[in-house]
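Novice: need a 3D model of the following:
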Amino acid sequence: MWKCKMSWIVAFLMMVSGRAFAANGNLEGLVRGPDSKPMEGVAISARAADQSYTTTVFTDQAGKYFFPPLETGQYKVWAQAKGYEYISSDLDLAGTGRSQKNFVLKSLTEYGKQLSGSEWLDSLPEQQPGDHRMKRVILNTCGAGCHTTSWILQNRFDQAGWNKIIDLMQKIVLGGYVDPSRPLVKLSVVGEPSPVIHAYRDEIVSYLARVRGAETVPLNYKAFRPKGEGTQVVITEWDLPPSSPPIYVGKHDGSNWSEGTPSALEAWGTHDCWPDKNGNVWFTDDISAGRTIGKVDTKTGKVTGYSLPDENGQATGGHGIVVGQNGDIWFNDQSRGTVDKFDPKTEKFQIFPLPAGAPRTVMSIVEDAKGNLWTPLDDGAGKLDPQTGRYTFYNSPTKGGGRYGIAVDAHGNAWYGRFGGDSLGLVDAETGKVTEIPLDDSKLPDVTEKDREIRRTVTVSGGTIGASPYQQAPRRPAADTNGNTVWFPGSYSDVLLKVDINTKQVTGYPFPSKYGLPYQAQVDKNHMVWVNLENADEVVKFDPFTEKWTEYLLPTRGAETHHMAVDNSTSPPTIYLPYYRTNKIARIQFRSHDSNGSMQ
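Specialist: Sure thing, here's the model as predicted:
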């Protein structure tokens, strides 16, 4: 009796805390295809008229879906799967009774706008020798951080049109300046012209004019739909309002896949996020004029913004963010190049000034077990002791190549990726010695001498985007602090790199899909490795014990995630992601089965 009572109490507490989902929600149904057969992996989304967030679940192998308990009210509910028509319905959810809503999806012949960037590249034809290489060239230049490749490939232009687009992009994409005859085009978030796009310009124009030109080229669309464990999630997406009145606000937010990938200019801004212990998710904004960091109350959906003025009186941009052990919010100040703190109790900012002549901190931030804050530098890594306000700088043995992402391993040592230099950096926290581990070349069957020359000669900085198809580009790593590994996503090689922190041996595991641009790795308390795919609108899990992958689809097209955080206080752990292009915060909660096999 006592055991049964305790089981009931635990189940109730988990339900009300949002950490488990009983199959007795108030909305459920069945989805069938045009052949009347049940469809697995269909996304079913629900949004109340008075809410600023959307809840999405997926159909199981039997075509069935069910939501966790939803609040009463008027809802819009819609179903979609790639290759099928978008269908929606209005429902009134009242009281405690169940509502049943079934869907029958109609197939489509043309559904390119529903595809993610990785699916677009995978679907392009390979009609001529070198076409496979050109897909990598486009991914590594046009889509490597500036935007998902679906944003450009969902459109068609003739040769003159592609000429104009590439001419513009080579001038305003982040990168190194190599041609003094070309004037700089400066925007608030862009740097110098891209030497990589400049080098591949003619090849890119020629290929795009052929496969996405004035004449329609038949495509064999390759679309992903989740299955099995990949369908057992509940995803909540909170809208982030603009920090100041924009010139134009669009309603295209990626929720309806048939509309294609939305323009970043309609939202754009939220870069990193991190949950606290009070049900809030904190995020940085590196675009908006009126917000440096923000907070989402996951219980109410309320969004609060906080502005730290720069020297011109505008809000400085934030980039990396982490919630410290004592609840303080730490982030990279993009204007000053400092590590700054925000106290959520007093709502006050504190700037930790850099010493004269010191390098700027960049891009990301992590806290070690002693409460120190680590951040990558253009040529190494830096550490801030928050008790003394003192920075320590660790210079790498090589210059250039950019550093992006940092992690602290179980020994307290820091690791960074040399993004443009294809090596992994290690900072010995005790001695201060910095070593770098070179990576093996990512050998493609059709790599050219031109690709090798670009790899040898183009020096990039921390903010540079672009690389030859001959590079791996290790990005934002994560350490298993309860184990002996550090994990790096190989952004341009579609390989997850495992480093043994004792032997320094590097092992690569190919991702289950191509062209995904893996961005950030995180390791949960169960040693599972999580990676967000910027160009694929997916999150993937890698089990290091079985070496198996699970793919999870995000409900928004063009999410373009640049970061991911794991909340280990829940069981199973919970994933949080910021949507950079569409300005949302997403939470992924994982369903499990109880001892009787019932879905939770």
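Novice: these two touch, right, G508 and D494?
Specialist: No: using C-beta atoms under 8 Å, G508 makes no contact with D494, being 9.8 Å away. Yep, even glycine has a C-beta here, placed from its N, CA and C like the rest.
Novice: ok, these two, which is more surrounded?
Specialist: Neighbour count, other C-beta atoms under 10 Å: between G508 and D494, D494 has more, with 23 against 16.
Novice: quick one: that one from S513, how far?
Specialist: 8 Å (C-beta to C-beta, to the nearest Å).
Novice: also S118?
Specialist: Computed with C-beta to C-beta, the distance linking S118 and S513 is 6 Å.
Novice: the more surrounded of the two?
Specialist: Neighbours per residue (other C-beta under 10 Å) separate S118 from S513, with S118 holding more: 28 against 20.
Novice: and that one, what helix or strand is that in?
Specialist: Assigning secondary structure by DSSP states H and E places S118 in helix 117-123.
Novice: same deal with K450?
Specialist: helix 449-457.
Novice: please compute how far that helix lies from its chain's middle.
Specialist: Taking C-alpha atoms, centre = their mean, to the nearest Å, the mean C-alpha location of helix 449-457 is offset from the chain mean by 29 Å.
Novice: by contact count, what packs against it?
Specialist: helix 195-211 (3 or more C-beta pairs under 8 Å, 6 or more residues apart in numbering; DSSP states H and E).
Novice: verify the stated contact: D524 with P573.
Specialist: Yes: in this structure, D524 is within contact of P573 by C-beta under 8 Å, at 4.3 Å.
Novice: which neighbours do those two have in common?
Specialist: Counting by C-beta atoms under 8 Å, 6 or more residues apart in numbering, the common neighbours of D524 and P573 are V566.
Novice: alpha carbons only: can I get the helix or strand V57 falls within in CSV?
Specialist: Assigned by DSSP H and E, V57 belongs to strand 53-58. Taking Å, rounded to 0.1, in the frame of the first residue of the first chain, the C-alpha atoms of strand 53-58 are listed here in CSV:
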residue,chain,number,x,y,z
TYR,A,53,4.2,29.8,-26.9
THR,A,54,3.6,26.6,-29.0
THR,A,55,3.6,23.0,-27.9
THR,A,56,4.5,20.2,-30.4
VAL,A,57,4.4,16.4,-30.1
PHE,A,58,4.9,13.7,-32.8
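Novice: what residues does it touch?
Specialist: Identification of contacts with strand 53-58 by C-beta under 8 Å, 6+ apart yields 41-47, 65-68, 70, 226, 230-239, 255, 301, 553, 555.
Novice: next secondary structure after it?
Specialist: Using DSSP H and E, the helix or strand that follows strand 53-58 towards the C-terminus is strand 64-66.
Novice: average pLDDT across that next one?
Specialist: Per-residue pLDDT over strand 64-66 has a mean of 98.
Novice: how close does K370 sit to K295?
Specialist: Using C-beta to C-beta, we find K370 at a distance of 26 Å from K295.
Novice: and these two? which has more neighbours close in?
Specialist: Neighbour count, other C-beta under 10 Å: between K370 and K295, K295 has more, with 22 against 12.
Novice: where do the strands sit along the stretch 451-600 of the chain?
Specialist: Secondary structure of the stretch 451-600 of the chain, counting by DSSP state E, counting those that start in this stretch: strands at 478-479, 485-490, 495-500, 506-510, 518-523, 529-533, 538-543, 548-553, 565-567, 574-579, 584-590.
Novice: equivalent analysis for the stretch 201-350 of the chain, please.
Specialist: Applying DSSP E, counting those that start in this stretch to the stretch 201-350 of the chain gives strands spanning 233-239, 270-275, 280-285, 293-297, 303-306, 318-323, 329-333, 339-343, 348-352.
Novice: sheet partners, orientation included, of the second one?
Specialist: This means strand 270-275. Applying DSSP bridges, strand 270-275 is found paired with strand 280-285 (antiparallel).
Novice: how far out from the middle of the chain is the partner strand?
Specialist: Relative to the centre of its chain, strand 280-285 is centred 14 Å away, using C-alpha atoms, centre = their mean.
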